Structures are given as structure tokens and as C-alpha cells.
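Q: could you work out the structure for the sequence below:
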Amino acid sequence: MRHNKKFNHLGRTSSHRKAMLSNMAASLILHKRIITTLAKGKALRVFVEPIITRSKTDSTHSRRMVFRYLQNKYAVTELFREVAVKVADRPGGYTRIIKLGTRLGDNAEMCMIELVDFNENLLEAKAPAKAKTTRRRSTKKSSEPAKVEGKAAEPKADKEVKSTEEPKAEAPEATEDTTEENKDKE
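A: Purely as a prediction, here's the structure:
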């Protein structure tokens with residue numbers, strides 16, 4: 001019986017699946033971001049997050065346990081030197097999966113899986129957001145009466161109506177003045 005055995009086998013044998021996840025985890029740690037299918041990305045997240053949690057304690061035992069999964073000494077060094085330092089205060093959720101749509105060849109759902117603390121674009125975008133501490137209602141300039149030549153201006157809707165009417169009224173006057181000036185000159 002296979003009660004409560006719900007992980008994705010990814011259509012591979014056990015040894016092939018373990019080798020593939022090990023290679024993908026090493027690539028994720030070295031490059032901080034990889035593009036893969038959604039099913040592999042979800043399987044990789046389950047595989048790599050306990051490894052990153054184990055890297056928070058830098059001991060010989062934890063390094064050997066991580067090397068047992070990754071089988072890449074450069075990835076282990078990178079994990080304990082750089083990644084573990086950045087995720088030291090994070091209680092979990094070290095990876096982020098962003099869906100990218102479907103692949104052209106076989107219509108497989110693609111995703112980008114990345115380490116959360118290494119995306120500089122999102123980290124920079126969050127910094128200005130913290131500066132805003134109060135929430136206020138924005139005041140619209142059109143609803144407030146503005147002073148024009150010492151008088152209170154009328155609301156914007158009335159100005160638009162007048163502005164469309166006034167040029168028509170001024171245009172004939174301007175033409176009459178010019179015609180009178182032309183008659184005087186002659």
C-alpha cells in the first residue's frame with residue numbers, strides 16, 4: 001500500500017531523481033536562480049529547503065550531511081559561506097517560485113526558482129516602501145478651489161465648459177478688432 005506517499009516521482013527512477021535533484025540544487029545554490037519546469041521546481045523546493053536549514057549551523061557534521069545530498073564541494077562551500085549568512089535570521093521559505101508560462105516545444109509549465117534573499121531588484125524595491133509610515137488620503141487638486149488673481153476659482157468642470165465657450169466668443173471680437181484696425185490704416 002502507498003498510503004500518504006504523495007511526492008512527485010517525476011517519471012524517473014529513484015536514483016535518477018536523486019541525481020537530478022542534487023544537480024539542480026547545486027546549480028540553484030551556485031547561480032541563485034534557475035529556470036525549470038513547474039513540477040521539477042516544486043520538487044526541488046522540497047529537496048533544497050532542509051539543506052539550507054542545515055547550513056545555518058556550520059559544523060563538520062552538517063557539512064558532511066549537506067555534501068551527502070549535493071555531491072558538489074563548490075556548492076557546499078558557497079552554501080555555508082554566503083547563503084547561510086544571508087538566511088540566518090529567516091525561519092524558512094528560502095526559495096521563491098515564479099511561473100513563466102508554457103514552453104514552446106511541449107507546452108510544459110515553466111517556472112523560475114530563486115533564493116529569496118539574493119534578488120536585489122525586489123530587495124531594493126522594498127526599501128523605499130518602508131519609509132512611508134503614515135497612510136493619508138490623497139487630496140485632489142481639482143476638488144480644492146485654487147486662487148486665481150485673488151479670486152476663488154470655480155470647479156474644474158465649470159472651467160471646461162467656459163473654456164469651450166469663451167474662445168468662440170473671443171474669436172469674433174478679435175476678428176472685428178482686426179478689421180477695424182485695417183479700415184483705420186486704409
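Q: okay, now the unreliable bits of the protein?
A: Residue ranges of the chain with pLDDT under 70: 123, 125-133, 140-186.
Q: residue 22: neighbour count?
A: By the criterion of other C-beta atoms under 10 Å, residue 22 has 19 neighbours. To be clear about C-beta, it is placed using only N, CA and C from the backbone, and glycine gets the same treatment.
Q: could you dump the helix or strand containing it to PDB, C-alpha only?
A: Per DSSP states H and E, residue 22 falls inside helix 14-31. Below are the C-alpha coordinates for helix 14-31, written out as PDB (Å, rounded to 0.1, in the frame of the first residue of the first chain):
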ATOM      1  CA  SER A  14      14.800   6.700  -7.600                       C
ATOM      2  CA  SER A  15      18.500   7.100  -8.400                       C
ATOM      3  CA  HIS A  16      17.900   9.200 -11.500                       C
ATOM      4  CA  ARG A  17      15.500  11.500  -9.500                       C
ATOM      5  CA  LYS A  18      18.000  11.900  -6.600                       C
ATOM      6  CA  ALA A  19      20.900  12.700  -9.000                       C
ATOM      7  CA  MET A  20      18.700  15.200 -10.900                       C
ATOM      8  CA  LEU A  21      17.600  17.000  -7.700                       C
ATOM      9  CA  SER A  22      21.100  17.000  -6.400                       C
ATOM     10  CA  ASN A  23      22.400  18.700  -9.600                       C
ATOM     11  CA  MET A  24      19.600  21.200  -9.700                       C
ATOM     12  CA  ALA A  25      20.100  22.100  -6.000                       C
ATOM     13  CA  ALA A  26      23.800  22.600  -6.600                       C
ATOM     14  CA  SER A  27      23.000  24.900  -9.600                       C
ATOM     15  CA  LEU A  28      20.500  26.800  -7.600                       C
ATOM     16  CA  ILE A  29      23.000  27.400  -4.800                       C
ATOM     17  CA  LEU A  30      25.800  28.400  -7.200                       C
ATOM     18  CA  HIS A  31      23.700  30.600  -9.500                       C
END
